[in-house]
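A.B. asks: Sequence first, then the predicted structure, then my questions.
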Amino acid sequence: MIGLLLCGGLRANETPNPCSRDANPNDFTIFSYHEIAEKSETLDSTYAVSPANFEAQMQWLVDQGHHFITIDDIIDYRKHNRRLPGKAVLITFDDGYQSVYANAFPVLRKYRIPAVIALVGSWLRAPDKVDFGGHLIDRSKFLKQHEIKEMVASGLVEVASHSDFLHRGILGNAQGNSQPAAVTRQWLPDQKAYEDGASYRSRIYADLKTNNDFLKEYTGQTPRVMVWPYGEYNTEVRKIAESLGMAVGLTLDDGGNTRNTPLWGLRRIL
């Protein structure tokens, strides 16, 4: 699967397949993973990868001469003109599922693979249940504090912000449609009006700052990477993230990255 993905083909829950690729050594590819678990154990099997398949993918990347890179490597490449190794790959995990610690982290340690894990503060603070897209999910499905700290202490894992309370839909219009909270001016039915620009920016700023402050205390790291919920972002939220020290933004815009890809809009393969 990964081989064809790097050539623009299959998806991350399929099996490895080699292919030829005339790659620019300064290009880099970012993969977005979610749950690393058997489908019967997942919250959403759509983007899940089994533990065996995940290790097979990492082994294939190693065997094919790919090099795992970090956020530091990307920043140095973009800001200081330092070259990336050929076949450069960054591994990321969204949402902070417990299965990442249980099933992916042992593989990261085995192959010494660096990774970025995007965390939602409100989910981590939930005592018993997490509101997961309108469904109440046991808190145990998400990472515990000591698990995050162990991964961070390994030197392999960097913590990123996935927002505090923006990984959800909000009322987007008078017709009752739910739309992504990060990029939507909320419809206020009592006022029969949309949230104004200043209120919108204030809401986003407060959310991202809250999550940064929380994650610094909870994990020991201050996020410098913003991973946009649902991959949705706009100029306003991007500038707010940058003002809070998160100049790197990971999206779900599909494809690879080059020297010309903006740091605030790096593409990922889901």
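C.D. replies: Cool, got the structure.
A.B. asks: Centroid-nearest residue for the protein?
C.D. replies: Taking C-alpha atoms, centre = their mean as the criterion, residue 94 is the residue nearest the geometric centre of the chain, at 3.9 Å.
A.B. asks: quick one: contacts for that one?
C.D. replies: Contact analysis of residue 94 by C-beta atoms under 8 Å, 6 or more residues apart in numbering lists 32-34, 118, 162, 227. In short, each C-beta sits where N, CA and C put it, glycine included.
A.B. asks: Tell me which residues are up against the lengthiest helix in the chain.
C.D. replies: Across the chain, the longest stretch assigned as helix under DSSP state H is helix 197-219. By C-beta under 8 Å, 6+ apart, the surrounding residues in contact with helix 197-219 are 119-121, 124-125, 145, 148-149, 152, 159, 161-166, 182, 185-186, 195, 221-223, 226, 236-237, 240-241, 243-246.
A.B. asks: buried subset of the residues you listed?
C.D. replies: Among those, those classed as buried by 16 or more other C-beta atoms under 10 Å are 119-121, 124, 148-149, 152, 159, 161-166, 182, 185-186, 195, 221, 223, 226, 237, 240-241, 244, 246.
A.B. asks: Looking at the residues you listed, which are in helices?
C.D. replies: 121, 124, 148-149, 152, 237, 240-241.
A.B. asks: Name whatever forms a beta bridge with the spatially closest residue to residue 256 that is not a sequence neighbour.
C.D. replies: Leaving out its chain neighbours, the residue that sits closest to residue 256 by C-beta to C-beta, 6 or more residues apart in numbering is residue 29, at 4.8 Å. Beta-bridge pairing of residue 29 under DSSP bridges involves residue 89.
A.B. asks: State the distance from residue 29 to residue 253.
C.D. replies: When distance is defined by C-beta to C-beta, to the nearest Å, residue 29 is 13 Å away from residue 253.
A.B. asks: who's more crowded, those two?
C.D. replies: Each of residue 29 and residue 253 has its neighbours counted (other C-beta atoms under 10 Å); residue 29 has more, 22 against 16.
A.B. asks: any idea how far that one is from residue 67?
C.D. replies: Counting by C-beta to C-beta, the gap from residue 29 to residue 67 is 11 Å.
A.B. asks: contacting residues for the closest residue to residue 264 other than its chain neighbours?
C.D. replies: In space, and not counting its chain neighbours, residue 264 is closest to residue 249: 4.1 Å by C-beta to C-beta, 6+ apart. Residues near residue 249 by C-beta under 8 Å, 6+ apart: 225-228, 233, 238, 241, 263-266.
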